[in-house]
Every structure is written in C-alpha cells, then in structure tokens.
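Asks: No letters, just coordinates:
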C-alpha cells in the first residue's frame, strides 16, 4: 500500500506543478495574445477607421477570442488544479511523465494501470511485487523536479519582439490607439474621423517656485486650428478654467504670472472645421507643482542713539526697516520667517555680508551705523530655498548739525571808552549740546609797532552746556587790556558742539569791532552835531518870527472881511503847513541831539552837571510844541474846512497866541542851548587840559630816565609831543570860540579866568616848540628840564580852565541856593500866616459872619502855597537836593488847607482850626527839610548832589571787578583740596568782599531817602554777604563766580541808571495823552477746539527736540495753520 | 452759644423785661459778630513781586502794590496784607501766592528752571500781572517765550472782563504815561482758554499807582491807574 500511495503521490505532485506552470505561462501567453489581438485591432481601426458593423464584428470576435484564450491559458489550469485528486484517473499524466523519463517510459503507466484496475487472471501478490519493485526503483526520482518553467513559455524570440513592439506602439501612438480603443470598445457610438495631430508642450510637467511666472509654449501639428485653448484646474478644485493661447509664428504662448498653487492643465486645438473634431484635438494632462521659499514675515528695528545726544532708545514700527539715525547709533534687528531657517545673512550695499544669529524661524543681528547704505536679508530654509526678491531697506545717517552762535548784544560795531566794559550777550543753539565757547579778539591800533596784534582767546563758561540753547553774558572789561584811544578791537566768538562720534563741530559768529575813539574825536563829532543843531534852531527861531508876522497880517485881514474866501483859506493852510514843517525840523533836531548825548553819555564824557543841563534842554525841546498849539492848529484846520468865518477868527487868534508861546519857548530853549553849549565846551577844554598835563607828565618821566633813549624811543616821544602841541592848539581854538559866546557875559569871573588861560596857552606854544627842538637834537637832559617846565605851565592852564568851570558851577549853585532861600522865606511867611489864621479861626463863634473873611484868608494862603509848590517843582528839575519829603509835606499841608476851607464854608471852626494846625505843621516840616537840603548842597561839590555817590559807586565797582577777576583765576586754577597758602588767599578775598559790602551798606544808610536813585543797595550788600560766606567757608564754585558777576553787573547798571533814571525823558513820566481807537478783535478762536489741538500739537512738536531750524519751520507751519483756521 | 442763650432767655423772659433782655442779647452777640468779621479778614490777598535776574530794577515802584492792596481792602472789603511780598520764582514760598507781579525798566532774564517753574505756577492756577515801566518790553517778551513757547501775546478786546469786572474801561487800558506815544496795549497770554498773564504795555499802570508826590500825575490819571489795577487783581482772584 505504501508503495502505491507513494507512486500516486508522486504523480499528483507532478501534475500539480505542471498545472501551476501551465497557469503562469498561460497567463503570460494570454497577456501577449491579448496585446496582439487588441493592439492590432486598434491599429487597424486607427488606419482604416472601420465602420460600425465591422467594429461590432471585431468586438465580438475579439471578445470571444479573449474569453477563449483566457479560459484556455488561465482558467483551465486553475480548474484542473482544483479538480486534481488521487482518486482521479491520472493515466495521461503517467504517460506525460513517461515521456519525461525515458528510463521509466511506459512502466509508470502500466504500474498505474495495475494500481487502479484488476486485470483477469492477475495475482495480487505479483501486482504487489511489481508495484513494490517499481516503487523502489522510483523512490529517488522526483517527477516534479523534471518540470522547468521556461519549457512552458513560447520562444523568447517571439514574445520579446511582441512585447517590445506593443510597448513602442502604445507609447508612440497612445493618443490614436486610445481613440481607436474607444471606438472599438464602443461600436455603437458615432465617431468622427480625427486626423492626425500632435501637441508638443513645453515645459509640460514642471516644478516652479511659488510666486514665479511660467511661460508655456505649445507646438501644434495637425489640422488647421483657429486657436488653441489652455485648460487648467487648480489641484483640489473641480472646475476647469480656460485661457486663449497667444499665437506666435510657429507656436502658441502663454505666460502665467505669480503662480501660487499647483495646477493641472492640457491644451486643446480649436479646428477651423469641421465642428465634430472640436473636442478631439486635445493634449494629455500635465501638472505644474509649486514650491514655497521662505518669507520674512516680520522685522523689528531697535535704535540706540549715541550717548552724547541724550536721546532715548526707540523702536521703529513693526516691519519698518528704513533706518534714520545719528552716526554711532547701535542698531538691533530681529526677524520672523515663515519657515525654519538654515541660513540668514544681512547683505549691505557695500557688498558686506554678515551672518545673523538663527533660532528656528527667527534671526537677529546687531551693528553700528556710520554711513548711508542699504541692506536686505538673504535667508534659506531647510530645503535650500532662498527668499525671492527681498526688500531692500535704507540706512540714512542724520547729520549732527553745526552749532549756531551769535553775539546778540551789542550785536553791532560800537564805540566805548578805553577803560570801559561791554556786556556781551551770546546766544547759541545746537541739536545736542555744547563743548566750549571762546571769545577771540585782536587789538589793532594806531601805533602798530608797539601793539601786540596776535589773536587772543578767552574761554567763556557756558552755564548750561547740556541744553540745546543758551544765552550767556560775558562782561568784557577793557580796563585790563592794553587798549587806548584810537585803538580798536576786532572780535568774534566760536562755539563747538559735543559731537564725540564725528568730532566736535565749530561755528563762528559775525565779526564785530569795538572802537575806542579818542576824546578829541568824540568831542569833535559832538561839537559838529551841536553846532549844526544850534544853527538849525536859530533858523527855526527866525522862521517862527516870520510866521508870527504872517499870522498877525492874516488876523487883521480876517477882521476886516466878512467871510473866508478860497484865497484866505489857502494862505492859512500854507501857514499851518509852515508851522508843521517847523515842528518836524524841531523834532529832527531833538532826535539828533538825543543820539549825540547818548553817545557821549555811554563814553562817560559828560560830567553829571553837563548831562543834567542837556536833559533839561531836551525837556525844553519837548515842551516847545504844546498840546494847546496842536489843538489850535486842528481847530483852525476844521474851521477852514467849514469856511466858518467866526470860528475861523477865533481859531486864528488861538493859533496866534499858541504860536507866540511856541516862539517864546523856542527862544528860551535856544538861550539854554547856547548856555549848555558853553558849559559843555568849557568842560571839554578842562578834560583836554587834564589829558595834556597827564601826557606831558609821562613824557617828562621818560625823558628823565637815567638810561639814554634809543632812536625809536626818541622818535616816539617826539611824536607824542607833536600830538600835545596839536591838542594845545585845539584848546586855544576852543578858547577863542568860547570868548565870543554871549552867554559868558553871565559869568564875568569865569571870563577872567579864561583870559588868563589864554595867556598861559600862548606862552606854552613857545615853550613846547623849544622842547621839541631839544628833543629833535637828542638833547635829552635839557629836554627833560624843559618838559618839566612845560608840565608846570600845563598845570597852570588846567588850573585856569578849572577855575573858570568851577566859577560857573558855583554861580549856578548860588542861583539855586538863592531860589531855595526865596522858597524858604515864602514858606516861612505862609507858616506865619497860617498860624495867625489858626488863632483867628479858633476865636470865631458859631454865629459870627466872619467865616467868609477867614475863608478868604485861607484861600489866599492856599494860592500862595500853589505858587510855592510850582516853584519847588521847577527847582526840582535843576537839583537833586529837593527831596520827595519836601513835596510830600507840602502836599499834605495843601490838602489840610483845602479841608480847612471846606470846614470854614460849613462853619465848623474847631475842625477847621485843627486842619490849619496840621497844615502849618506840614509847612514847618518842609521848611526844615529845605534847610537840610540847603546845608547838604552847600557842602556838596556840585549843585546836583549825586556826583559824590556816583564816585563812590565807581570806586567800589572797580574794586569788585578786580576781586571778580581774582576769584575767576583762582577757580580755574585750583580744583580739589587747597593748600594752606591757597586757603589764606581765599580768606583775603573774603575780607576784601566784606570791606566792599560794608561800604555798600554805609552808602545805603546815607542815602536812605534816595535809595530809589541807586537802587536797592541793601540787596546788593546782602548778595555780597553770601559771597563772603562762600569764601570764608573756602568754597569757591561756579555759583560764587556767577554771583560776583551779577553783583558787578548790578553795580554798573546802578551807575548807569543814576544818570538815566531821573534824566530820561521817558522816566520823567510825561503824562499820557488820550488815544482813541477801535477795540482789537476777540481772540475767542482760542476756544476753537481745532486751535486747542493745534496748540497741543505745537507743544508736542517742539518737545520732539528737533533741530532749531526745523523748530522755526514747525512754528511757521503752525502759524500758517493757525491763520488758516482763523480764516 | 449765643443762640442757645437767646433761646433760653426767650423762654424765661416776661413782657415787662423784654426790651432790656433784647438789649443784653445784642451786647452778647456783638463780640461773636466782630470775631466772625475778623476771621473773614484773616484769609488775606497777597501779591508777590518777582525778583529776577538780568540787571533790571525789579525793586522799583515801591508804593504801587501797597496802594493797590489798600484800595482793594477799602473798596472791596477783601482782606489784604497791605504789604507786598517779594520772592524769586525758585523760592519755595512762591507758590503760596496766587498773584505775581513783575515790572521794571531793564533786562529780565529767567533761567530754564525758572521758566519751567513759572509755567507750572501759571498753568496750575497762578496769575501774572506784568507792567512795563518802560524798557522791559523786549526782554520780557523774550523770556515769556521760554515759559510758553507755543503761545503768543494777544491783545485783549475792550469787552474783555478784565476791563469791566468792577470799574468800566470802555476804551481799554488807561494811558497813564506817554512812553513811546500811541495807545496803550493790554496784552495777554491765554492758556487753555484761561488768561494766565496780563501785560500792560506803553502806559505804566505801576507808576500811576504810586504815591502822588512821586510822579505828580494828574489826580484823574492816578485814579484811573488804581482802578485798572484793582480790576486786574480782582480778575486774577476770580478766574
């Protein structure tokens, strides 16, 4: 049995393997035949374009064949394999095996037959024995192993060409074959015969960067087409969209811009005809893929300006990369990208590239800017895609502006005395602050050889160097500089800013000159002006006299005539016009005089008395044109306009009266003018004589030097002596002019002294000539003696002139004293009368009728009081010794007298007498004050009274100035801890300041009543006290220096104000006239919210800290906006 | 206490003694009335004169404020100190005074700190009355530009309350002294709709308010000056 099973198993295995191989080979063969059948069919159809019936036939035939072949090659082995079993008759299989194994041949078949059947007459044991023997024989034979798969295949020489040919056919004619396949497989459909066509599409399938553009070029071959359509559909979408392709010479084009999404597309040719081909001429579907490069989504720029600008750190708005900043600014840029980064770099326009720090999708970089350039970011992602078309940002470096500096005071060329001082006011602007301010000056002068004309440099401390604007004062004292008359100083200031990045920038102010005119020049100029003005005034007086005559004539004629005719009107108008012209000329004279006096005053060339006289003269000039005159002219003009005879006559009378007064005032002024001119010329001569003797003394000293003078020195001295001679000639000339003055007749003693001076002068001429001869002959010893003699003679000349001047002053003083005495006498009389009145009033009874009589007496006394008060007012214009106390007492007395009068009218004698007693007390007080004033004036050197105080102030100012200089030098040179010597020095300065303070306090005490003149001396003294404390505490700092400067400035100011305060025509407080005009517009548009917003915006804009030029532009802009809103 | 006493008295009194009781009550009431009157006057108006640098005479017009304060006291029954106070802008006490006064003939100069402090003072309710004595105009305008860079002086119309608040000035500022000739000008700096600085120019209100014997102005001029001064100070405390 075992043998039988073994043999049957072997056979089954063989058959199974056989069937499997049949299946595999059959499948391949089926596929090949399938290809052959169908491809040939499709090819035939594409060529012959079968009719519908033929297609049906072919379809059925091919389908049947396909099924058959499928059954035969594929299905049959599978079925046989399922049906295969050991019980089945396997005889054909044994035969097949026998063919494979010739050694077995039929034996297997025979044995199998034995196994499956019982032949007649066979013995089972022989059967078993035969089967067993066979089994033994085939034990080691594996029937299945004999089967080889390749034996089952058709020859490769057949299969391979078929396959290759099929593949070629499919790929080359895919379009046509597919169409044929469609037709064959759907034989029922109607198909147009589609001719051959071909599309060659470039680029076909492609990948591009998102956002890029794509050009598609199509080469079409086939039936003639009207145009080609481009059909496309974004991936993920269903609908197709189309575009018409642009036809080129041989092809079609399409440009697609900014492609962001992937899409599929094909091309369709639209045939001219027939319409049935319309949807047939299409290409295959292509695909365009898009790639996304990295994108910079955000950038943030931080700017830290350089330290010296004091500007705060700031951030630009998000995604703003354009940088505008000052050089030296630190920039920190950070960015955010759409993808994780592989590399990031900043590329600058100067080809510099810098790698940024990266973290995932962020990058950052820090740098400092110094020049203008641009930059962009070059980034790449992990797929090595770079950002496309990066934005280029700019870096603009702001310019730290040059500072601006100007000298605002004096701000022009000026002339001052050689020992004077100028308060410079310097203004500076800068966008960030200042480093230093310097004054540069050069002295240039007449005697160049002995002048050091190198440029000098004085640093000036800026009180607020970190501000953007300053106004700095600097008191420039020429007393310490080697300048003298006729020299001039050329100067300017330079200002450097605090730019530490590019270096400090310097600006320079305008250049100005300070001239130190000689006394002679100043006096000559003044004399010329004065003479011109005097002549003009004389001319005016003459014109006025003629005008007076004309008016008189007109007045007489008008009395005769009944009405004003045109001719009369014209002549009157001409008269008014003449008067106006005279007034205008007068005003011009007044202005010229004002200018000239001011100049002399600034150079302190007038003594206080002369100055006072000129001020009086100026007042008189102003009083010449009275308001009544102007009113009279107006009334006359009105009357003329109306041709009103009566009012015309009255107006002419009034005008004539006022014109006469005008003439009188003018003549009075002229007289005073001449007198003042006389005094001033004498004053000048005295000054010149003083200068003469001083210079001569220096010449004598030089000549008497033990060492012999060299040639240059001798020549220099000779030149000086010649100058002296010129000066003497000037004095003599002035003397001769002065003698002609009629005003001198009022001062006979002065005239005598002037005669003596004249004699002295003529003697001097000869002596000086001798001296010069001796100097020319280099006879130094003799010249020295002669010079001394000349000096003595000059002393005499000076003495004579001074006596003449003093005599004049004394004479004036006597006049004032006489007036004061007269006033005092009048006051005494009034007091006596008032006292008598008190007794009279007290004795009145309630019922008496003497009240009117007593009241009348009081009225008379009151009128007398008014006269006295008027006299005092007039006198107070001439002298300072009329104190306000006198006026106050008289004012009180006046008031009480009025009250007494009122009480007398009401018959109240007791109250009236009380008021009278008070009035009397007031008068007595004023008498006492007047006596005091007379005593003071008697002992004073001048009638004005304040010269002494002025002199004291001048001396104290000099000491203060010197102390200030010492303090400044000490401050500059000594910083930090002080040595014993330095401490001692400070204590000495403290003592000096204390001494000045005490002097100031004493002056304040003395001038208790007149502290209004010199200002608050006690306050100045207090400030000095603070400086003393600082110095005693060994603490000298910038504040101390500034305090000292302020003290000196106030002292100089006080000196100036002494001269100006009482004399300035403005400060004499001329009573204001009435002016009528229209009310200004109501600035209620300030309530306009737009205006309010504008103001706020302006404040904000100005606080931005722009450059001053920008600030001015901003203000102008806002002003224009303001005007716009207002309109 | 007095009212309680009155009440008790009313309860107790009988008609025969009524008159005497009422009399006694009035006597008792009088001190409390007087004390309340005094206590009203304890809150006094004071004006501070600004001490400034620059060299100008801030200390002039010594009797001006005294006379003005006296007039206010007499006319308006408002308590005043009758004596001016003096302080510089940087003094701590400066802010104690609601009204400040500045005048002079010369140069005025404010430091940056002073300008800032003055601005704070004026924008916090303070008021500045400035009067040109003749000569301070240029420097005053320049320094006020530091205080209020965004504001310009505007001329107030004659209908402004400052000209009619107590005395009427239908033609604006009175012309006290001639100065440069021409009409006087009442100028103001207006901040957020409020007049913070009043500047009288080309008239000299201060001189007009001085003691009469100092400038010997006509009585009507002096009266006009004092009245205008009263208007200014009254306006300053009411606005």
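Replies: Looks like it came in fine. Owing to the predicted nature of the structure, the values given are computational and were not obtained by experimental measurement.
Asks: what residue is smack in the middle of chain B?
Replies: Centroid-nearest residue in chain B: residue B:233, 2.9 Å away (criterion: CA atoms, centre = their mean).
Asks: pLDDT wise, what is it at?
Replies: pLDDT recorded at residue B:233 is 93.
Asks: so how far is the helix or strand hosting it off the chain centroid?
Replies: Per DSSP states H and E, residue B:233 falls inside helix B:219-238. How far helix B:219-238 lies from its chain's middle: 8 Å, per CA atoms, centre = their mean, to the nearest Å.
Asks: where's the closest residue to chain B within the stretch 751-900 of chain A relative to residue A:933, distance?
Replies: Nearest residue of the stretch 751-900 of chain A to chain B: residue A:887, at 4.3 Å (CB to the nearest CB). Bear in mind the C-beta positions are built from the backbone N, C-alpha and C, glycine included. Distance of residue A:887 to residue A:933, computed by CB to CB, to the nearest Å: 12 Å.
Asks: Neighbours of the nearest residue to residue B:106 once chain neighbours are set aside, how many?
Replies: Nearest residue to residue B:106, sequence neighbours excluded (CB to CB, 6 or more residues apart in numbering or on different chains): residue B:56, at 3.2 Å. Neighbour count of residue B:56, defined by other CB atoms under 10 Å in any protein chain shown: 24.
Asks: Residue B:56: helix or strand, and which one exactly?
Replies: Here residue B:56 is assigned to no helix or strand, by DSSP H and E.
Asks: which ones are touching it?
Replies: By CB atoms under 8 Å, 6 or more residues apart in numbering or on different chains, the contact list for residue B:56 reads B:104-108, B:135-136, B:139.
Asks: now do residue A:2
Replies: residue A:135.
Asks: likewise the one 5 residues further on?
Replies: In this structure, residue A:7 makes contact with A:108, A:111-112, A:115, A:131, A:134-135, A:138, judged by CB under 8 Å, 6+ apart.
Asks: Which one of these sits in the busiest neighbourhood?
Replies: residue A:108 (27 neighbours).
Asks: Assign the nearest residue to that one once chain neighbours are set aside to helix, strand or coil.
Replies: Spatial nearest neighbour of residue A:108, chain neighbours left out: residue A:94 (4.6 Å); criterion: CB to CB, 6+ apart. Following DSSP: H, G, I helix; E, B strand; the rest coil, the label given to residue A:94 is helix.
Asks: Inside strands: which ones of the contacts of residue B:56?
Replies: Mapping the contacts of residue B:56 onto strands (DSSP state E) picks out residue B:104.
Asks: which one of the contacts of residue B:56 sits closest to residue A:955?
Replies: When those are compared for distance to residue A:955 (CB to CB), residue B:106 comes out closest, at 23.1 Å.
Asks: so the residue nearest to residue A:108 touches residue A:114, yeah?
Replies: No. In this structure residue A:94 lies outside contact range of residue A:114 using CB atoms under 8 Å: 11.2 Å.
Asks: And those two? Which one has more around it.
Replies: Taking neighbours as other CB under 10 Å, residue A:94 and residue A:114 compare with residue A:94 leading, 25 against 18.
Asks: Which pLDDT value goes with that one?
Replies: Listed pLDDT for residue A:94 reads 86.
Asks: Kindly report the same for residue A:1015.
Replies: 52.
Asks: Ok, residue A:873 next?
Replies: We note a pLDDT of 73 for residue A:873 in this prediction.
Asks: So it, which state does it fall into?
Replies: Classified using three-state DSSP, residue A:873 is helix.
Asks: can you name the two of the contacts of residue A:7 that are farthest apart?
Replies: Using CB to CB, these span at most 13.0 Å, a distance reached by A:115 and A:138.
Asks: Phi and psi next, for the residue nearest to residue B:106.
Replies: Per-residue torsions, residue B:56: phi -70, psi 160 (degrees, to the nearest 10).
Asks: what does residue A:465 give?
Replies: phi -70, psi -20.
Asks: I figured it hits residue A:498, correct?
Replies: Yes. Residue A:465 lies in contact with residue A:498 (CB under 8 Å); the separation is 7.4 Å.
Asks: more neighbours, these two?
Replies: Legend: neighbour count by other CB under 10 Å for residue A:465 and residue A:498, higher for residue A:498 (19 against 16).
Asks: Can you tell me the closest non-neighbouring residue to that one?
Replies: In space, residue A:498 comes closest to residue A:433 once its chain neighbours are excluded; the distance is 4.4 Å by CB to CB, 6+ apart.
Asks: for that neighbour, what are its contacts?
Replies: Contact partners of residue A:433, counting by CB under 8 Å, 6+ apart, are A:308, A:310, A:465-468, A:497-498.
Asks: how near is residue A:565 to residue A:558?
Replies: When distance is defined by CB to CB, residue A:565 is 10 Å away from residue A:558.
Asks: tally of neighbours for the nearest residue to residue A:24 once chain neighbours are set aside?
Replies: Of all residues not flanking residue A:24 in the chain, residue A:149 sits nearest, at 6.6 Å (CB to CB, 6+ apart). If you count neighbours by other CB under 10 Å, residue A:149 ends up with 11.
Asks: Comparing residue A:565 and residue A:558, which shows the higher neighbour count?
Replies: For residue A:565 and residue A:558, the more surrounded residue by other CB under 10 Å is residue A:558, and the numbers stand at 18 against 11.
Asks: List phi and psi for that one.
Replies: For residue A:558, the backbone dihedrals are phi -70, psi -30 (criterion: degrees, to the nearest 10).
Asks: And stretch A:501-511, end to end?
Replies: Terminal residues of stretch A:501-511 lie 29 Å apart, using CA to CA, to the nearest Å.
Asks: Now do the buried residues in it.
Replies: A:501, A:504-505, A:507, A:509 (16 or more other CB atoms under 10 Å in any protein chain shown).
Asks: Looking at those, which are in helices?
Replies: Taking DSSP state H, every one of the buried residues of stretch A:501-511 sits outside helices.
Asks: picking that back up, could you list the residues in contact with the helix holding residue B:233?
Replies: A:1071-1072, B:45, B:47, B:64, B:67-68, B:71-72, B:75-76, B:98-99, B:127, B:129, B:161-167, B:169, B:173-174, B:176, B:195, B:198, B:200, B:204-205, B:207-209, B:212, B:217.
Asks: Next up, the contacts around residue 84.
Replies: Since you didn't name a chain, this refers to chain A. Contact partners of residue A:84, counting by CB under 8 Å, 6+ apart, are A:12, A:15-16, A:19.
Asks: was after chain B, sorry
Replies: Counting by CB under 8 Å, 6+ apart, residue B:84 has contacts B:46-49, B:65-66, B:69, B:101.
Asks: Tell me how many other residues crowd residue 210.
Replies: Picking chain A for this. Residue A:210: 17 surrounding residues under other CB under 10 Å.
Asks: Correction: the question concerned chain B.
Replies: When neighbours are counted by other CB under 10 Å, residue B:210 registers 22.
Asks: what's the distance between residue B:207 and residue B:51?
Replies: From residue B:207 over to residue B:51 the distance is 20 Å, taken as CB to CB.
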